[in-house]
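J.: sequence and computational prediction follow.
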Amino acid sequence: MIVPTAGLAQGGPDSSTYLGGTVGQSQAKDFCTGVTTGGGTTCDDKYTSWSILIGYQWNRHLGFEIGYRDLGQASANGLGGNVTAEAHAFETVVLGILPVGERFSVYGKFGAYLAESDLVTTAPNSVASEHDSNIDLTYGVGVQFELTKQFGVRAEWQRYQDIGPSNMDVDAISLGLIWRFR
C-alpha cells in the first residue's frame, strides 16, 4: 500500500485557512437571579455580541480557530444603585466537524479562553469597580453551509464558563460568515 505523504503534509484537498466574523446575542446566566423587577428596578442580562476569528481546517473532520469575542454587558438598575458587568474573551478552540453532504456540516468546538471583565457597582454615595482576568473552558456547537468554495455561513451556540469575579457563565448565540483562502 502506498501512502501519499506529500498530500498529508499539506493537509489534502479539504484543508484551508479562513477568516470569519459573527454577530449575535450574549446572555450572562444567573446575572438577574434574585433581582426583583418592578418599582423602578430593571435587569438586563442580554447584550449584542460579536467576534472575529482565523482558522485552519486540516481536513473535512478537524479544524482549529483562534479568535476574539466581545461579550457585551449586563446591567441591573434599582433605587439602591446599579451593577454593570462587561466582558470580552480571546479564545483557542479545536473543531470536530461532521459533514452532512457536500456543503452542509455540523461541528462541535472545545477549547480555552482568556477573559477580561469589569464589574462596576454604583450606590447613591459610592462607586466600586473590580477588574478581573481569568482563563477557563469554552465549548459550543454549530452548523455551517458552504455558499461557494470561498464563502460559508454559520450559526452557533457557545458557552464561556466562570467569567469574572462572580464566576458567571456566558452563552453566545450568533450568525457568521467565513471566507476561505482557496
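T.: Nice, I can see it.
J.: which residues in this protein form strands?
T.: 16-28, 42-44, 46-59, 62-78, 81-100, 104-123, 126-146, 151-163, 168-180 (DSSP state E).
J.: check these for me: which has the lowest mean pLDDT.
T.: Looking over the strands of the chain, mean pLDDT reaches its minimum on strand 42-44, with a mean of 82.
J.: any chance of the strands of the chain in TSV, plus mean neighbour count?
T.: Where you see a C-beta, it was placed from the backbone N, CA and C, and this is true even at glycine. Shown next, in TSV, are those (neighbours: other Cβ atoms under 10 Å):
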stretch	mean neighbour count
strand 16-28	18
strand 42-44	15
strand 46-59	17
strand 62-78	19
strand 81-100	18
strand 104-123	17
strand 126-146	14
strand 151-163	18
strand 168-180	19
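J.: pretty sure residue 80 contacts residue 121?
T.: No - counting by Cβ atoms under 8 Å, residue 121 is not a contact partner of residue 80; they are 10.2 Å apart.
J.: the residue nearest to residue 30 when sequence neighbours are not counted bridge partners, please.
T.: Residue nearest to residue 30 in three dimensions, not counting chain neighbours: residue 168, with 6.7 Å by Cβ to Cβ, 6 or more residues apart in numbering. Taking DSSP bridges as the rule, residue 168 bridges to residue 163.
J.: now do residue 145
T.: Applying DSSP bridges, one finds that residue 145 bridges with residue 104, residue 153.
J.: hmm, it is touching residue 152, no?
T.: Yes - at 6.2 Å, residue 145 counts as touching residue 152 under the criterion of Cβ under 8 Å.
J.: residue 139 pairs with what?
T.: Beta-bridge partners, per DSSP bridges, of residue 139: residue 110, residue 159.
J.: enumerate every residue touching it.
T.: Residues near residue 139 by Cβ atoms under 8 Å, 6 or more residues apart in numbering: 108, 109, 110, 111, 158, 159.
J.: equivalent analysis for residue 44, please.
T.: Neighbours of residue 44 in contact, by Cβ under 8 Å, 6+ apart: 32, 74, 75, 76.
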